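Peer 1: dropping the sequence and predicted coords here.
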Amino acid sequence: MNKAANEQLIENARRTLIKAQNLCQNSNIKLSSVMTTVSEWQRYRSKLQFVTECIQAQGDFLLNDILIKGIGSGLIDNEWSTVVLTELVKEMEHWQKILVERIEKLDNISNDLDNEQHSKLGDFISRESVRTLQEKLKEVPVIRKQVDSIKSQYQIMLRKIRNQLLGSKIYKLKMEFEDSFGLDCKDTIKIEENFTSEVRHMEQELVEFLRSFTDHFDKCKMLVNTELSDEDKNDLFKIVQRDDSELDSIMHVLEEAADEVISFTTEAKAFLNQKEEEKEVLKASIGKLLMELKKHEEYLSVFEGISNLIEKFKSSCMQDIQEAKELHQFYEKFEESYYSLLKEVRRRKDVASKMSRILQNCETQLRDLNFADIKERQAFLLENGNYLPENIWPGEIDDLSPLFTLEYQIRKI
Amino acid sequence: MEPFVVTVTDKSIIHELESRSQSSKHPDHDSQALMFPTNIRYIFEDDEPEQDEDPQVENVIVAEVDKDMRVKHVELISDEYQLLSYQSTGENELELEAVSKFQNVHSQNLPLEKLIELYKRQNEQLDSLFNTL
């Protein structure tokens, strides 16, 4: 054991360690580059899964909520077929009938106040309102036709969405995703589990190599450490010398391991590159599906247009019904008021005849008084007339005109 | 260094439906969609990359800032949410607009107009997600 031998051992250990460090560093760079790509791939995979599931949910929303529930049962079955085309039409027909009956009734009541034209109560009302409802009812078949045509459009769209979009295209997208990117597919397991554990394993292996080379180098350095006893140094020298003889073969194994890293990372990168192409294919499918989902917005707007149209028709019908109800009530009141008017006429006639009786009575009494007065005046003149000078009461003494005049008029009712 | 205030708004249509179904609408109807992420950690360039992943953390927001604390890039790593856009108001505030996974809507007799509006909104969200693929 001499200094030169020690130096030789240290030098050899240092050289080997540096070489090993270089090899390991290069290998580690390659391995961590694979890990970076793997984690990018994982994030992309998770995003793809998210988007794929959202597309499925959007398809379900379109089919179940908008088409089946919203349009199918909500609008076509309930609002259009039942509420508007059945119940509303029934109500319109009801009010139309009632209004016509009411008017017919008025047409059959003759106006007692008119003896010349023989008019009827019906002659005094406008027929416009009856016509409005009638016109609206005439529009119903047109609306019904539109609903029928939209119904068949709905059936076509329903089939398309259910069979083609969801049953085929979205299903295919899901399968495509599951086959190439699904959590349990063999490629995902290869990348997320096998690649990762392989990288971890290789990294660990490299760490072990470095540790043993570093360990050997440290031991070599301890040989020149003066604190050790000669006996210990001797033992250590033997160990170091033995290890030194194995350095080349261990280095050879490390080189092999480094080669394995190269072939593994090359293979992994190639595999991930190949997945890159699959990503593009899937992305293209997603793009197409998004376009199709967007296209359905236009089809839906057709339903929305019809819905607005029927909504408008409905509210205008309800307004007409309201008017019909009010008119009906008005005509009812008109009839009642007509009978009240007849009573009023009778009452006024009674009053007039009462007044006329009073005046006739009065006239009779006045005429009797006047008759007696004239007689008195004639007797007075016979007795006193010759003795009274005319100018003592000019123009009056021999006047025989009555003391009263009575002119009256009772309005003819 | 002032702490960052991070808010995340979930733009999912589901929140709109929930608030609709309530008889009395909360004045701030966005509140159910608004989230305040906790557990904010500051990582500096020289830091060792953290290996320990907290299994309880489900959603991670990574915001890169420059030395003036200006937000340069935001990433949302999550299986349940995806980032739509973000806005940094400068005063250490970061507002994220995200969307949660579309769910079954179970619409309660919404008018067709509203349904179509929601459908269009989801298509727009799908479009922005597609652009990040």
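Peer 2: All right, it came through fine.

Peer 1: A strand includes A:Pro402, no?
Peer 2: No - counting by DSSP: H, G, I helix; E, B strand; the rest coil, A:Pro402 is not part of a strand but coil.

Peer 1: so it touches A:Arg377, yeah?
Peer 2: No - between A:Pro402 and A:Arg377 there is no contact under CB atoms under 8 Å: 10.3 Å. Placement of C-beta: from N, CA and C, glycine included.

Peer 1: excluding its backbone neighbours, what's nearest the spatially most central residue of chain B?
Peer 2: The structure's chain B has its C-alpha centroid closest to B:Ala98; by CA atoms, centre = their mean the separation is 2.8 Å. In space, and not counting its chain neighbours, B:Ala98 is closest to B:Tyr81: 4.4 Å by CB to CB, 6 or more residues apart in numbering or on different chains.

Peer 1: again with A:Lys105
Peer 2: Nearest to A:Lys105 is A:Glu335, by CB to CB, 6+ apart, at 7.3 Å.

Peer 1: where is the longest helix in the chain?
Peer 2: In the absence of a named chain, chain A is used. For chain A, the helix reaching the highest residue count under DSSP state H is reported as helix A:230-384.

Peer 1: wait, I meant chain B there
Peer 2: The residue-count maximum for a helix in chain B (DSSP H) belongs to helix B:112-131.

Peer 1: hey, C-alpha coordinates of it in CSV?
Peer 2: Coordinates of each C-alpha in helix B:112-131 appear next as CSV, following Å, rounded to 0.1, in the frame of the first residue of the first chain:
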residue,chain,number,x,y,z
LEU,B,112,-88.6,27.1,-25.5
GLU,B,113,-86.9,30.5,-25.9
LYS,B,114,-85.0,30.1,-22.7
LEU,B,115,-84.1,26.5,-23.5
ILE,B,116,-82.7,27.5,-26.8
GLU,B,117,-80.7,30.3,-25.2
LEU,B,118,-79.2,27.8,-22.7
TYR,B,119,-78.4,25.4,-25.6
LYS,B,120,-76.6,28.2,-27.5
ARG,B,121,-74.7,29.3,-24.4
GLN,B,122,-73.4,25.7,-23.9
ASN,B,123,-72.4,25.5,-27.6
GLU,B,124,-70.4,28.7,-27.1
GLN,B,125,-68.7,27.2,-24.0
LEU,B,126,-68.0,24.0,-26.0
ASP,B,127,-66.5,26.2,-28.7
SER,B,128,-64.1,27.9,-26.3
LEU,B,129,-63.1,24.6,-24.8
PHE,B,130,-62.5,23.2,-28.3
ASN,B,131,-60.2,26.2,-29.0
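
Peer 1: what is that helix packed up against?
Peer 2: Applying 3 or more CB pairs under 8 Å, 6 or more residues apart in numbering or on different chains; DSSP states H and E, we find helix B:112-131 packed against helix A:3-60, helix A:230-384, helix B:13-21, strand B:81-88.

Peer 1: next, the angle strand B:81-88 makes with it.
Peer 2: Using axes from the mean of the first three to the mean of the last three CA atoms, to 10 degrees, the direction of helix B:112-131 lies 80 degrees away from that of strand B:81-88.

Peer 1: what's near enough to touch the closest residue to chain A within chain B?
Peer 2: Closest residue of chain B to chain A, CB to the nearest CB: B:Phe102 (3.5 Å). With contacts defined as CB atoms under 8 Å, 6 or more residues apart in numbering or on different chains, B:Phe102 is in contact with A:53-54, A:57-58, A:61, B:12, B:122.

Peer 1: kindly report the same for A:Ser301.
Peer 2: B:Ile116.

Peer 1: one more pass at 10 Å, please.
Peer 2: By CB atoms under 10 Å, 6 or more residues apart in numbering or on different chains, the residues touching A:Ser301 are B:112, B:116, B:120.

Peer 1: check contacts around the last one.
Peer 2: It stands for B:Lys120. A:293-294, A:297, A:300-301.

Peer 1: what's the answer for B:Thr89, then?
Peer 2: For B:Thr89, the contact set (CB under 10 Å, 6+ apart) comprises B:5, B:71, B:95.

Peer 1: separation between it and B:Glu95?
Peer 2: Applying CB to CB, to the nearest Å, the value for B:Thr89 to B:Glu95 is 7 Å.

Peer 1: and for those two, which residues touch both?
Peer 2: Common contacts of B:Thr89 and B:Glu95 (CB under 10 Å, 6+ apart): B:Val5.
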